[in-house]
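Trainee: Got a sequence here, can you model it:
(one chain, ligands or ions: 2)
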Amino acid sequence: MKKTSLRANPKADSVRMTGSTPGESNPDAMILLHGVVKRFANAAGEFTVLKGVDLTINRGEFVSIVGKSGSGKSTLLNMVTGIDHPTEGQVVVNGKDIYTGVTESQRSKWRGKNLGIVFQFFQLLPTLTLLENVMLPMDFVDMYDFDERPKRAMELLELVGLEKFAYKLPVLVSTGQQQLAAIARAVACDPPLLVADEPTGNLDTRSSDTIIKLFEGFVAQGKTVVMVTHDPSLTSRTHRNIIISDGETIDETVSKCLPQLRHRHMLQFTKIAEERIYQPGETIIARDQSVDHFFMIRKGEVDVVLLDEKNQEYIISHLGRGEFFGELELLRGGKSIANVRAGGAQPVEVVYVPRADFVRVMDESPVTVEAIGKIVQERLEQRRIADHRAGNR
Ligand code: ADP
Ligand code: MG
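Mentor: Numbering: from 1, shown residues only. Ligands and ions are numbered 1, 2, ... in the order given. The predicted structure is shown next:
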């Protein structure tokens with residue numbers, strides 16, 4: 001994303017894209033990826049799977065990651081867990097740069113204490129009971145007194161509702177129960193971070209729901225949970241949803257504002273878009289100004305303001321994070337019929353794309369046009385009511 005200013009107001013601040021803070025300097029961050037590139041070599045030559053990913057996930061966040069099959073989701077998780085290593089770039093997890101000057105065996109111990117991993121296919125050891133499976137990580141990193149481990153493992157099995165099956169082998173319980181045991185194992189050493197790769201991909205809706213509830217419980221205790229999923233009913237329960245398209249992350253403001261867009265179009269907007277901060281009260285679009293951009297709100301509150309016959313201002317709508325403006329003028333052509341300005345007491349961050357790109361992408365995305373059309377209708381109606389009220393004052 002570029003960071004230049006709109007010509008209308010060259011004094012505006014430019015902003016750092018979320019996720020671009022490098023190094024260990026951000027104490028709120030649980031995960032920091034900076035310029036992460038991953039290439040694989042195969043018979044046909046080199047193949048770039050992650051194309052320079054910048055990402056920050058804060059402590060206590062519940063984050064879902066989605067993307068088409070092969071887009072690089074698992075590869076991205078493997079960069080965070082240290083299961084694989086990046087070709088370029090930096091990965092900081094829980095304040096530690098996990099690749100610079102760290103040996104494989106140090107990383108493995110570190111992983112055991114700092115993160116729990118849940119896979120789609122559980123990966124329980126088949127010859128051990130569920131209780132023994134849950135005890136394994138404690139043995140591996142030598143956490144908790146030897147004699148305490150069975151008791152702790154049993155408590156974890158109780159937490160996931162499997163105490164009755166503690167002495168059974170994995171093959172004797174259902175797939176949903178195996179996954180619950182795998183989750184108990186993942187949190188055995190009380191890690192601050194839980195990473196799950198399609199944890200419900202192989203399960204029925206009821207088991208999926210149980211698992212998400214468990215994750216929500218971990219988040220409520222302050223843990224960070226990052227989960228790759230295909231299931232839209234799960235992404236709606238997380239704080240943030242990150243989309244990966246062809247090895248690149250999509251700007252979250254773009255995906256929140258225009259969820260119907262195809263991922264490749266979201267990615268185009270991510271690349272084209274510029275960012276701006278407006279101070280409270282500052283004008284974003286002046287009335288009668290021609291509108292040349294489509295604006296999406298990343299942060300703060302925007303007021304749309306009209307004047308009545310006596311030149312008194314009245315606000316016809318407040319827009320917030322995940323909402324957009326400028327679409328009416330761009331789709332119908334023409335000048336702004338209202339003043340649009342930063343409302344509220346906090347600065348407003350917007351992301352914007354030029355008219356030509358907006359129109360081009362809309363031409364290829366009838367579902368988005370339809371969704372925007374509905375919002376436009378609502379806004380026109382809102383405006384009509386507001387006009388009417390103002391006229392009657
Ligand atoms: P996703 O989890 O989003 O389905 P992956 O991260 O597993 O995607 O894979 C992304 C791409 O990288 C795929 O084209 C896959 O074939 C390729 N890939 C993944 N792991 C390897 C590997 N170890 N060697 C070569 N190519 C790989
Ligand atoms: Mg995968």
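Trainee: Counting neighbours, what do you get for residue 222?
Mentor: Burial of residue 222 is recorded as 9 neighbouring residues (other Cβ atoms under 10 Å). All C-beta atoms are positioned from the backbone trio N, CA, C, and that covers glycine.
Trainee: got it, and residue 26?
Mentor: 14.
Trainee: Which secondary structure element is home to it?
Mentor: Assigning secondary structure by DSSP states H and E places residue 26 outside every helix and strand.
Trainee: Need the phi and psi values for it.
Mentor: Recorded main-chain torsions at residue 26 are phi -100, psi 100, according to degrees, to the nearest 10.
Trainee: Would you mind confirming that it is in contact with residue 56?
Mentor: Yes. Here residue 26 reaches residue 56: they are 6.9 Å apart, a contact under Cβ atoms under 8 Å.
Trainee: Which residues are in contact with each of those two?
Mentor: With contacts defined as Cβ atoms under 8 Å, 6 or more residues apart in numbering, the residues adjacent to both residue 26 and residue 56 are residue 32.
Trainee: helices or strands up against the strand or helix carrying residue 57?
Mentor: Assigned by DSSP H and E, residue 57 falls within strand 45-58. Taking 3 or more Cβ pairs under 8 Å, 6 or more residues apart in numbering; DSSP states H and E as the contact definition, the neighbouring helices and strands of strand 45-58 are strand 29-42, helix 73-81, strand 88-93, strand 224-228, strand 248-249.
Trainee: Run through who's touching it.
Mentor: Contacts of strand 45-58 (Cβ under 8 Å, 6+ apart): 17-21, 26, 28-41, 63, 72, 75-76, 79, 86, 88-89, 224, 226, 240, 242, 246-249.
Trainee: Please tell me how far residue 246 sits from residue 124.
Mentor: For residue 246, the distance to residue 124 equals 33 Å [Cβ to Cβ, to the nearest Å].
Trainee: on that earlier part again, adding distance to ligand 2, write the helices and strands packed on strand 45-58 out as CSV.
Mentor: Formatted as CSV, the helices and strands packed on strand 45-58 follow (distance: least, Cβ to the ion, whole Å):
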stretch, distance to ligand 2
strand 29-42, 13
helix 73-81, 3
strand 88-93, 18
strand 224-228, 6
strand 248-249, 15
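Trainee: Just send the ones you listed back as CSV, with mean neighbour count, mean pLDDT and distance to ligand 1 too.
Mentor: Shown next, in CSV, are the helices and strands packed on strand 45-58 (neighbours: other Cβ atoms under 10 Å; pLDDT from 0 to 100; distance: least, Cβ to the nearest ligand atom, whole Å):
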stretch, mean neighbour count, mean pLDDT, distance to ligand 1
strand 29-42, 19, 95, 3
helix 73-81, 22, 96, 3
strand 88-93, 20, 96, 15
strand 224-228, 25, 97, 7
strand 248-249, 22, 97, 12
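Trainee: Thanks a lot, see you next time.
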